[in-house]
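> everything below, folded, please.
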Amino acid sequence: MIAFTSPLSWVKNLMWLLKFRRKPKFTYQTIVLTGAASGIGRALLVQWSSRPLRILAVDIEAEPLVAAVQSLTAARAEITPLAIDLSTPENVDRLFDEALKTLGSIDLFVANAGFAYYEQLDTADWSRLERIFRVNVFSPIYAAVKMKSLNGARPYKVVITASAMAYLALPGYAVYGGTKAALHRFAEGYRLELDDPDRLVLVYPIATRTHFFAAAGPSIPIPWPVQAADVVAKAIISGIEQNRRAVYPSRLFKTYLFLQRFFPALGAVVQWPDRWKFKRWLRRGKR
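Numbering: from 1, shown residues only. Purely as a prediction, here's the structure:
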């Protein structure tokens with residue numbers, strides 16, 4: 001027997017498909033963006049500047065931050081720069097105070113600030129270790145918990161920039177990779193405590209073409225492959241709109257993660273070129 005579908009059912013199915021395919025809306029209006037003066041943070045600032053948003057753009061470097069904001073001459077967004085060092089709880093508290101004064105509320109907090117060391121780890125230096133963990137780990141975790149206590153049941157989202165190195169260790173980045181792995185494990189545990197686990201998003205970019213590597217050490221080799229900052233920024237915005245908990249801007253890296261489940265030795269193969277680059281860097285006297 002042939003079953004016929006009524007015209008009304010066809011209309012309902014078509015409406016459902018259109019609703020399903022409709023691009024999700026970006027519902028966050030007040031945003032705190034750290035690390036906004038350069039790299040991924042600046043790319044996010046540029047892309048969000050065309051929207052009617054209110055943004056507190058934060059960075060430790062005052063002049064590049066102000067220059068980045070002033071360069072957005074056609075911005076629809078209301079952008080306020082704030083230069084502050086986020087390595088202490090007092091300054092993160094101050095950031096939240098300034099954000100509430102400027103924005104009234106915080107819908108979205110993007111913890112993008114961070115830095116790396118590229119080094120042969122052979123000297124025990126407690127203060128050096130503490131500095132990178134304060135910025136890369138303590139500050140974003142502290143901000144995530146403050147966002148929860150500030151907003152309660154009110155909808156909000158926290159986005160933290162992690163790294164592909166949370167999954168794949170590379171020589172020279174032992175400490176930096178450790179900070180990103182710490183964020184990865186924190187997110188997995190913290191989501192289990194949240195009423196809405198989607199409130200916390202982690203981003204896992206591969207090497208990104210910014211001044212990040214120049215700041216990490218003298219003449220350091222750059223890992224391969226490399227992505228542009230605007231590509232990462234677009235992936236972050238899309239991930240927020242689609243309510244993803246994890247954002248992987250590189251399809252190649254996503255493919256690696258999938259294959260590595262079945263071929264564990266693949267990790268050593270992928271790491272080999274960077275091990276060779278690291279040894280060459282050491283032979284050249286770290287220049």
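> for this protein, which segments count as strands?
With DSSP state E as the definition, the chain shows strands at residue ranges 30-34, 54-59, 78-83, 108-111, 157-161, 200-203, 207-208, 226-227, 246-247.
> weakest of the ones you listed by average pLDDT?
Lowest mean pLDDT of the strands of the chain: strand 207-208, a mean of 88.
> can you give the contact residues for it?
With Cβ atoms under 8 Å, 6 or more residues apart in numbering as the test, strand 207-208 has contacts from 39-40, 164, 213, 222-229, 232. No exception for glycine: its C-beta is placed from N, CA and C like everyone else's.
> closest one of those residues to Thr102?
Ranked by distance to Thr102 (Cβ to Cβ), the contacts of strand 207-208 are led by Ile40 at 22.2 Å.
> related to what we said a few turns ago, top of the contacts of strand 207-208 by number of neighbours, please.
Within those, neighbour counts (other Cβ atoms under 10 Å) peak at Ile40, which reaches 29 neighbours.
> how near is that residue to Tyr190?
In this view, Ile40 and Tyr190 are 22 Å apart by Cβ to Cβ, to the nearest Å.
> from memory Val66 sits against Pro81, does it?
Yes: between Val66 and Pro81 there is a contact under Cβ atoms under 8 Å: 5.4 Å.
> neighbour count for the two, which is higher?
Set side by side, Val66 and Pro81 show more neighbours around Pro81, with 20 against 15, by other Cβ under 10 Å.
> who's in contact with the more buried one?
With contact set as Cβ under 8 Å, 6+ apart, Pro81 has these partners: 36, 57-59, 62, 65-66, 68-69.
> how near is it to Leu252?
Relative to Leu252, Pro81 is positioned 35 Å away (Cβ to Cβ).
> next one: Ala144
Distance of Ala144 to Leu252, computed by Cβ to Cβ: 29 Å.
> and Leu200, by the same measure?
Taking Cβ to Cβ, one finds Leu200 at 25 Å from Leu252.
> go on, Phe115?
As judged by Cβ to Cβ, Phe115 and Leu252 stand 25 Å apart.
> between the two, who's got more neighbours?
Set side by side, Phe115 and Leu252 show more neighbours around Phe115, with 15 against 10, by other Cβ under 10 Å.
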